[in-house]
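**Student:** Provided below are the primary sequence and the corresponding predicted coordinates.
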Amino acid sequence: MNDSLPSMLTRRDFLARGGALVVSFSLAPAVLNAAEPQNIGVQPKPAPALPGSLKSAPMLDSWIRIDADGKITVFTGKAELGQGIRTALLQVAAEELVVDPRTITLVTADTGRTPNEGYTAGSQSMQDSATAILHASAQVRAILVGLASQRLNVPPADLTAHLGVIRAKDGRSMHYGQLVTGETLHVNASPESALRDPKTTRGVIGKSMHRVDIPAKVTGGAIYVQDLRLPTMVHARVVRPPSYGARLVSVANSKLGSMPGVLKIVRDGNYLAVIAEREYQAVVAMRALAGSAKWEERAALPPPGDPYGYFQRLPSDDAVNLGGPAETAIGSGTISATYRRPYLMHASIGPSCAVGLLQDGVVTVWSHTQGVYPLRDAIAEMLRTPADRVRVIHMEGSGCYGQNGADDAGADAALLASALPGRPVRVQWMREDEHTWEPYGSMMISTARAKLDAGKIVEWQYDLWSNTHNLRPGPAGNLVTAQYLEQPFGPAAPKELPLPNGGGNRNAIPIYTLPNPRVVDHFIPQMPLRVSALRGLGAYHNVFSIESFMDELAFAAKIDPVEFRLRHLDDTRARDVIAACAERFGWNRFQKQRGRGRGFGFARYKNHASYLAIAIEIEVDRESGLIRPIRAVAAIDSGEAVNPDGIRNQTEGGILQSLSWSLYESVSFDTTRITSRDWSTYPILRFSNVPEAIDVHIISRPGSPFLGAGEAAQGPTAAALSNAVADALGVRLRELPFTRARVRAAIAV
Amino acid sequence: MINLDVNGKTYQVDADPSTPLLYVLRDHLQLNGAKFGCGLGQCGACTVSVDGRAVFSCITPIAALPGRKIRTIEGLGTVENPGPVQRAFIEEQAAQCGYCIPGMMMRAQALLDANPSPSKAEIRRHMNTNLCRCGTHMRILRAVERAAGLMRESGKGGNGR
Ligand code: FES
Ligand code: FES
């Protein structure tokens, strides 16, 4: 076990020497994805691509600054979401700057200070930001060594950088701060960096480091935006409509103004809120206000009975993602299965919160948004003010796992702060606000069909139906706050996200080597429920479907499911994680006990990021229908592992969250209202039903690109569970979640 | 004015007696430890200890609390000098977002105050009240076991330090 965590890396951990390695980058044009004018006479030579987010923010001092006293500050446009990115980025910077990570100050997402790195989403932060910081740090070190070589009159090769000091062999030295003056780092990054050799010099990367944010979190430090207390701050609560599209007919607020502490009641069209001195005064006033508000509601949600049938019959834009225009000719001997997943919610433990302040004509918003720049633009549009009059600063919230209510709460704070200039306004959503107003992960349906011959797949067709998985701000109309104003903003037209990342179709293309595969994406623009990005997007459902179906095919072919996968898989890294997982689980030695079953699942996230394989053993109580996960073993290859314990923590979390989704969760609604309003109407996993053990094995690939680990486990876990249920019961469940009632019904048939 | 004993200090609080303790801790006393999660007694994010028992501060009015000993994670130790439960959670790296963790720690503290050597099953049963959405459960369970060990070692039982 490499579970021992040095809580502080010792100075000896930093290897000072070691030949620098020059790494060159693919010279793919940086403009690859940009729309280019068509009729340029002479094609300019495309600039060589810079690594990671250096592409969009190429100046080195956008990323790293060094003060005269040697203090180092690193900037990232990404945000800590509880995934441990802060620590991993510090490790990466420390590695190439050859300093102790704890001496670096890291500034995260802030439109006033950091580069624009879009959203912190899609497990992209390591690829985007860590890659940029790795190279920026190496290039800064090279600049410093170059300067020291001039000042000390010693060739660079005879200098070593160590813990912020550059030393010559004769003992003379200069610290980093002495070498940097004003514009030293205000230079463009170059496409090539003299990186330290990942095989021989790693001092910080690859070692489990204690997360830097945890001590404050366990001692009551002010960490979360919920903890932000600014002088003269006041408290707001929003009275959200009882259902989508409800119209505020009247509100009797004459007496409310005199309630204790109430400063202001804000009404703007169908938007209603109250601001009070004290937080609980705002809660009491909000309840009174809600009690006096009359709403006109519409029955706009799907009719009862068959929500999947209703959904699938909605008009769709169809796109063939893989294969020819014609349907695969599938005839006799075709095996077919249809899989379903319900609407799921992020269900963050802490409801969304934000603080806004209008001062000197600038609105500042502290928010746990995943994208400070897009939220800034959306708020500016909503307030009809220029973007440079809005600043959004990230502060942590509770884990979000995609787009929860964070952006909407940020918009609430901006709007309410504008109504009370000069005083910071803190808006805290209530539990039912979060449950009923956050954008859910879309319901999905998929049908897989295949034909076997001699133990191999010879035909494959996969069809999927889904709403969008991205309606994030950017446009103001994607903020629920803006949709209910007197002059409302309408949501942007939903679009499928482009492959290879994809949205609903993320991981819809099988990674297996198959003849004649065909994949069709039936994208449904009409959205009965509010939806947007939830951890893994469509990958959760597509991997659940494909990997369940692989087991169904293996069963039909009478081949062990692990062996069946390997028969269709050429990628050696994929084969490695599968082998490692099977080995550690004891797949080939497995002795099945009564009432138990085992299942396997595998995917390469987005087909180009982390590889993850998982095996799960479960027990099913046939009487009650309860599925009890006994143990899970996973193997993950996310490229070079920066903080192994961080990856393990994220992967364990992904496994447990996916078990929770897959065993219990489904957003419920009647024809008018969302009825999943709290934890009793939207139950999630509890301690009583977590496995006895989860073992996460990391395969690190030093020197190979960081792939990100946050979302890799969602799909494979659901599939492994589904396959284990089929193994235990001898009957297959194809509709999530696998509730007790469904298990009992399946056994009874 | 209501007198409250929080982490060994007495505070005079000017709030309506029906105000739930959580709001007084966070808004009046400026303590960050107890978190707002649901306000409904369903999630445990707001858990504090009152006379050694784990209590949902979000549904406990301050009127019920004069003369009681209220304890929050701020009373367990500091960053420089963390108490055994805090040390255990740090050593096990038992947090992702960490939002549920203070409530978990106070629930664990209440268990260990009453039972210094709980079995794994007892820990699970006791912790079952509190929800974690990040899936940090395995580490939380290990941290509670480790905390029990640290407290037994230091021989100071439930004193927290
Ligand atoms: S906030 Fe008190 S139980 Fe959820
Ligand atoms: S660590 Fe995030 S909710 Fe538990």
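**Tutor:** Structure received. Ligands and ions are numbered 1, 2, ... in the order given.
**Student:** residue of the stretch 151-300 of chain A closest to ligand 1, please.
**Tutor:** Going by CB to the nearest ligand atom, ligand 1 is nearest to A:Gln226 of the stretch 151-300 of chain A, at 11.6 Å. For the C-beta atoms, the positions are set from N, CA and C on the backbone; glycine is no exception.
**Student:** repeat for chain A
**Tutor:** For chain A, CB to the nearest ligand atom, closest residue to ligand 1: A:Arg431, 7.4 Å.
**Student:** you'd agree that residue is up against B:Cys38?
**Tutor:** Yes - in this structure, A:Arg431 is within contact of B:Cys38 by CB atoms under 8 Å, at 4.1 Å.
**Student:** the two: who's more crowded?
**Tutor:** B:Cys38 (25 against 22; other CB atoms under 10 Å in any protein chain shown).
**Student:** identify the residues contacting the more buried one.
**Tutor:** A:Pro351, A:Arg431, A:Asp678, A:Trp679, B:Ala45, B:Cys58 (CB atoms under 8 Å, 6 or more residues apart in numbering or on different chains).
**Student:** redo that, cut-off 10 Å
**Tutor:** Counting by CB atoms under 10 Å, 6 or more residues apart in numbering or on different chains, B:Cys38 makes contact with A:349-351, A:430-432, A:434-435, A:678-680, B:44-46, B:56, B:58-59, B:131.
**Student:** chain B: strands as residue ranges?
**Tutor:** B:2-6, B:9-13, B:47-50, B:53-56, B:69-71 (DSSP state E).
**Student:** picking that back up, hmm, the residue of chain A closest to ligand 1 is touching B:Cys46, no?
**Tutor:** No - contact criterion CB atoms under 10 Å: A:Arg431 and B:Cys46 do not qualify, at 11.4 Å.
**Student:** contacting residues around A:Asp213?
**Tutor:** The neighbourhood of A:Asp213, defined by CB under 10 Å, 6+ apart, consists of A:Glu80, A:Gly82, A:Gly84, A:Ile85, A:Arg86, A:Thr87, A:Gly221, A:Ile223, A:Glu396, B:Ala95, B:Cys97, B:Gly98.
**Student:** can you check A:His522 too?
**Tutor:** Going by CB under 10 Å, 6+ apart, A:His522 touches A:312, A:314-319, A:445-447, A:463-466, A:504-505.
**Student:** domains of chain B?
**Tutor:** Split into domains by automatic domain parsing, chain B comes to B:2-75, B:84-154.
**Student:** among the strands of chain B, which is nearest ligand 1?
**Tutor:** Here strand B:53-56 is closest among the strands of chain B (CB to the nearest ligand atom), at 4.3 Å.
**Student:** pull the helix or strand with minimum mean pLDDT from chain A.
**Tutor:** For chain A, the helix or strand with the lowest mean confidence is strand A:20-23, at a mean of 32 (criterion: mean pLDDT, DSSP states H and E).
**Student:** of the domains of chain B, flag the one that's most buried.
**Tutor:** When these are scored by mean count of other CB atoms under 10 Å in any protein chain shown, the highest mean neighbour count falls to domain B:84-154 (a mean of 23).
**Student:** start to end distance for that domain?
**Tutor:** End-to-end span of domain B:84-154 (CA to CA, to the nearest Å): 9 Å.
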